[in-house]
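1. model the following, please.
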Amino acid sequence: MKRIKLLLIGFALAFSVQAQNTPQGIAYQAVAVKDGSYSVAGENPQSVYWSNKAIKVRFTIFDQYPNGTQSYQEYHETNTDAYGVFNLIIGQGTVISGNFENIPWERGTAHLQVEIDFNNDNTYTLTSLERFWSVPYAFFSEQSLTDQTDSAIAEVTDKITYLSNRDRDTVVGNEIQSLTIQGDSLSISGANTVKLNFPANLDNDPGNELQTLSVNGDSLGISNGNTVKLLFPKNLDNDSTNELQRIVLTNDTIRLSHGGGNIALQDINDYIRNYQDTTTFLSSGRFIGFDSDTLWKCPQGVNRIIIELWGGGGKNGNRKYCNGYCNNSTNSEANGGVGGNGGYLRDTITVVPGQSYAITIGDVKTNSTNTYFGNYYAEGGGNGGNAYCPGGCARAGARGTNGSVIGYDYKALVIPAYIPNGYVGNEVPDCCAPPNARGFAIIQF
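-> All right, here's what the predicted structure looks like:
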């Protein structure tokens, strides 16, 4: 589609000689002309002008341009004639924003922006942006008279208010003001500003303004100034070969090169769990046990907790009866394999007060025997194998695998009362949920 061109016929003020009854509007006339080259203007108006077309026109008035502020905006719905001409009154359209009566004509810098919506789809094309070279004097004079009167009244009112309130409390010293400095000017709030008349370079020596600090051995110096001795040896251990060391992680151990020693990650975890001094656990030392799936909401004031998770025990395999000749017998029978013990996890983790965490308990009746707290989990025991009948002879199923045990330290004879019977033993293989048993979870904070 071709763009619209506007041929401005003219716009003029519509006003009365009586300022107080000034009509709020500016007559505007323009022609919508199509893009392109034409042989004879007026010979075929339909090919030159946007003839007999329903359009929308949007007027925007800025207080100045560029960097101006939009003072007023309106739009009109109108139709062009056979030669693309349309006539409108600026100030009499549908107001989008602003107040036509409040346009600051007195500045003499107002600009008019004209946009056309040719398709009536609220998509406007900018067609002109021009300055008002003749100020709408009727509007300005009306506004000036009102402004002068309002200003005089306001000045008298301010004077009366000042005289009536001046030092009403008769207390000297409670006049709160603040000093500010900007560049070479010192100002006091609610009062005046003075210029600080000091030379840009107080010592009148432009060559000593830049100084640098440097370290030489055990001495700290400033250029064009003095040097002081740092009261410690350059090399505290008197060994110049061990200054560069590297920290590396090998499997579950952190090592420091050049004989710097090593520490196991488990030892670090135990230290944090037992001697954490940067995080305060609640003084109640609460223990909460869970034997079914649920959501736990972290209390306010708690940001680290200890979790203990027991995976569920594995399911025992099915017993099998074999009807066939085996070992001089016509039938035989065997048990399924025993399910594996559930695993165990103990860890100190960071939590968010007010956030809810999903707890899922491992159970042979579900698809998983793992026990979860959020993304942390203890492995469940593997299921025992079913008995089977190779060659007619019954054979027992394989035993299920035990879940992994991480962070287990209940090897004392006295087992904490808050742990269910059968879930803790004195040795790692006996620590956890037996076959076919549900898992369990404990939170300590």
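2. would you agree residue 106 falls within a helix?
-> Yes: if the criterion is DSSP: H, G, I helix; E, B strand; the rest coil, then residue 106 is within a helix.
3. just use 497 as the starting number from now, easier for me
-> Happy to do that; since the first residue is 497 now, the last one works out to residue 602.
4. what's around residue 604, how many residues?
-> By the measure other CB atoms under 10 Å, the count of residues near residue 604 is 13. C-beta coordinates here come from the backbone N, C-alpha and C atoms, glycine included.
5. state the distance from it to residue 629.
-> Taking CB to CB, to the nearest Å as the criterion, residue 604 is separated from residue 629 by 9 Å.
6. so what's residue 564 up against?
-> Remark: with contacts taken as CB atoms under 8 Å, 6 or more residues apart in numbering, residue 564 is in contact with 558, 605, 607.
7. sort those by pLDDT and name the bottom one.
-> Sorting the contacts of residue 564 by confidence puts residue 605 at the bottom, with a pLDDT of 88.
8. so what's the residue lying closest to that residue once chain neighbours are set aside up against?
-> Sequence neighbours aside, residue 560 is the residue nearest to residue 605 in space, at 4.0 Å (criterion: CB to CB, 6 or more residues apart in numbering). Counting by CB under 8 Å, 6+ apart, residue 560 makes contact with 603, 605-607.
9. make it 10 Å
-> 567, 600, 603-607, 627 (CB atoms under 10 Å, 6 or more residues apart in numbering).
10. and for residue 847?
-> By CB under 10 Å, 6+ apart, residue 847 lies in contact with 792, 794-795, 798-801, 803, 853, 869-870, 939, 941.
11. of those, which is the nearest to residue 815?
-> Proximity to residue 815 was ranked across the contacts of residue 847 by CB to CB; first place goes to residue 869, at 35.5 Å.
12. which residues does that closest one bridge with?
-> With DSSP bridges applied, residue 869 shows beta-bridge pairing to residue 855, residue 872.
13. my read: it touches residue 842, true?
-> No: Residue 869 lies out of contact with residue 842 (CB atoms under 10 Å); the separation is 11.3 Å.
14. out of those two, which sits in the busier spot?
-> With neighbours defined as other CB under 10 Å, residue 869 and residue 842 compare such that residue 869 has more, 24 against 20.
15. count of residues packed around residue 555?
-> Residue 555 has 20 neighbours, counted by other CB under 10 Å.
16. whoops, I mixed them up, residue 757
-> Summarising burial for residue 757: neighbours were counted as other CB under 10 Å, giving 7.
17. got it, and residue 746?
-> 8.
18. what sits against it?
-> Taking CB under 10 Å, 6+ apart, we find residue 746 in contact with residue 758.
19. distance check, it against residue 762.
-> Here residue 746 is placed at a distance of 14 Å from residue 762 (CB to CB).
20. packing partners of the helix or strand hosting residue 523?
-> In this structure, residue 523 is located in strand 522-530 according to DSSP states H and E. With contacts taken as 3 or more CB pairs under 10 Å, 6 or more residues apart in numbering; DSSP states H and E, strand 522-530 sits against strand 500-509, helix 541-544, strand 550-558, strand 581-586, strand 607-613, strand 621-627.
21. mind redoing it with 7 Å?
-> In this structure, strand 522-530 packs against strand 500-509, strand 581-586, with contacts taken as 3 or more CB pairs under 7 Å, 6 or more residues apart in numbering; DSSP states H and E.
22. pLDDT below threshold where in the stretch 497-646 of the chain?
-> Per-residue confidence of the stretch 497-646 of the chain (counting by pLDDT under 70) places the weak regions at 497-519, 531-542, 630-646.
23. can you map out the helices along the stretch 597-746 of the chain?
-> For the stretch 597-746 of the chain, the helices defined by DSSP state H, counting those that start in this stretch occupy 633-661.
24. can you classify residue 928 by secondary structure?
-> coil.
25. can you get me a residue count around it?
-> Residue 928 has 31 neighbouring residues, counting by other CB under 10 Å.
26. which stretches in the stretch 797-941 of the chain count as strands?
-> Counting by DSSP state E, counting those that start in this stretch, one finds strands in the stretch 797-941 of the chain at the ranges 800-806, 816-818, 828-830, 840-846, 852-856, 867-869, 872-874, 901-902, 936-940.
27. can you give the domain ranges for this structure?
-> Under automatic domain parsing, the residue ranges defining each domain of the chain are 500-534+542-636, 761-811+832-880+895-941.
28. gap between the two ends of the longest one?
-> Using CA to CA, to the nearest Å, the end-to-end distance of domain 761-811+832-880+895-941 comes out at 22 Å.
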